[in-house]
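> for reference, the sequence and a predicted model appear below.
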Amino acid sequence: MPVERAFYVVLCLAMLAGMGWGLSTGGVHGLVFGGCAAMTLGGGLVCIWERSVVRSAFALLATFGGVAGLFLLLGADFLAMAQILIYVGGILALILFGVMLSPPDMNERKLSRIGLGLLGVGGAFAWVGAKVAATVSWGSSALPPPAATQSHAREIGVAFLAADQYVVAFELAAVVLTVALVAAVYIARRKIADFEDPAESRGNA
């Protein structure tokens with residue numbers, strides 16, 4: 001469709017412009033930041049734009065990957081790995097199974113509803129950008145180099161497996177995800193008669 005092609009053309013041009021701006025202002029680090037930001041925002045827009053569940057899931061994968069890249073740029077390597085393992089490996093798979101096993105709603109992804117969602121997100125983004133631009137002092141002085149970050153991923157990983165620290169919460173989170181997946185499968189496999197009122201069924205008989 002022409003509308004979809006125009007959407008993807010504008011999105012690709014905006015992503016390339018963001019990456020080019022990052023390269024011109026911050027070098028390689030700016031390019032990586034622009035790429036991660038483009039993946040995060042572009043993936044979110046494609047996720048709400050696409051009517052295909054599979055394409056939306058892959059767009060959400062790009063969003064989670066972009067957020068993980070931003071964590072890496074901030075020196076938070078453990079948060080980046082948790083983003084990949086939990087959200088990509090667990091939450092995304094749970095959402096994909098839940099949506100694919102649920103009855104489809106043909107009115108859910110109308111262009112009118114998507115347009116209203118994009119309008120709301122765009123308005124909120126413009127408002128936040130205006131507030132930031134009005135309050136932040138955009139100085140041209142060079143910033144001092146950031147201090148060397150020390151990774152604590154090993155200590156946190158050991159804490160997740162220690163019996164007196166986070167192992168119980170870690171296992172409970174796995175149980176909650178499993179229960180949610182089983183519940184999604186059970187709801188999707190229920191028959192239409194299960195949703196009917198027994199009194200109405202006896203009255204009709």
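Looks like it arrived, so ask away. Numbers count the residues shown, from 1 in each chain.

> helix or strand: which one has the residue nearest to V88 when sequence neighbours are not counted?
Spatial nearest neighbour of V88, chain neighbours left out: F64 (5.0 Å); criterion: C-beta to C-beta, 6 or more residues apart in numbering. (C-beta placed from N, C-alpha, C; glycine too.) Using DSSP states H and E, F64 falls within helix 53-73.

> show me the contact partners of that helix.
29, 32-33, 35-48, 50, 77, 79-81, 83-84, 87-88, 92, 95-96, 99-100 (C-beta atoms under 8 Å, 6 or more residues apart in numbering).

> got a PyMOL select line for the buried ones in those?
In PyMOL, a selection of the buried entries from the contacts of helix 53-73 looks like this (16 or more other C-beta atoms under 10 Å):
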select buried, resi 32+33+35+36+37+38+39+40+41+42+43+44+45+46+47+50+79+80+81+83+87+88+92+95+96
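
> so how far is G18 from G35?
8 Å (C-beta to C-beta, to the nearest Å).

> apologies, that question was intended for V121.
17 Å.

> these two: which is more packed in?
Higher neighbour count among V121 and G18: G18, with 18 against 14, using other C-beta atoms under 10 Å.

> for V32, see how far away that one is.
As for G18, its distance to V32 is 12 Å (criterion: C-beta to C-beta).

> and stretch 17-32, average pLDDT?
Across stretch 17-32, pLDDT averages out at 83.

> over to stretch 36-47?
86.

> likewise for stretch 80-88?
So the average pLDDT for stretch 80-88 ends up being 79.

> can you list contacts of it?
By C-beta under 8 Å, 6+ apart, stretch 80-88 touches 61, 64-65, 67-69, 71-72, 153.

> mind checking how far that stretch is from the chain centre?
Relative to its chain's centre, stretch 80-88 lies at 11 Å (C-alpha atoms, centre = their mean, to the nearest Å).

> cool, stretch 43-63 as well?
9 Å.

> could you give the angle of the longest helix anywhere in the chain to helix 53-73?
Using DSSP state H, we find that the single longest helix of the chain is helix 2-49. Here helix 2-49 runs at an angle of 60 degrees relative to helix 53-73 (axes from the mean of the first three to the mean of the last three C-alpha atoms, to 10 degrees).

> and helix 2-49, what does it pack against?
Judged by 3 or more C-beta pairs under 8 Å, 6 or more residues apart in numbering; DSSP states H and E, helix 2-49 is in contact with helix 53-73, helix 111-135.

> need the winner for burial among those.
Of all the helices and strands packed on helix 2-49, helix 53-73 has the most neighbours on average by mean count of other C-beta atoms under 10 Å, namely a mean of 18.

> what's the average pLDDT for it?
Helix 53-73 comes out at a mean pLDDT of 85.

> next SSE downstream of that helix?
helix 77-82.

> tabulate the CA atom coordinates of that following helix in PDB.
Output of helix 77-82 as PDB, limited to C-alpha atoms (Å, rounded to 0.1, in the frame of the first residue of the first chain):
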ATOM      1  CA  ASP A  77      26.700  -4.400  31.100                       C
ATOM      2  CA  PHE A  78      24.600  -6.400  33.500                       C
ATOM      3  CA  LEU A  79      21.400  -4.400  32.700                       C
ATOM      4  CA  ALA A  80      22.100  -4.900  29.000                       C
ATOM      5  CA  MET A  81      22.400  -8.700  29.400                       C
ATOM      6  CA  ALA A  82      19.300  -8.700  31.600                       C
END
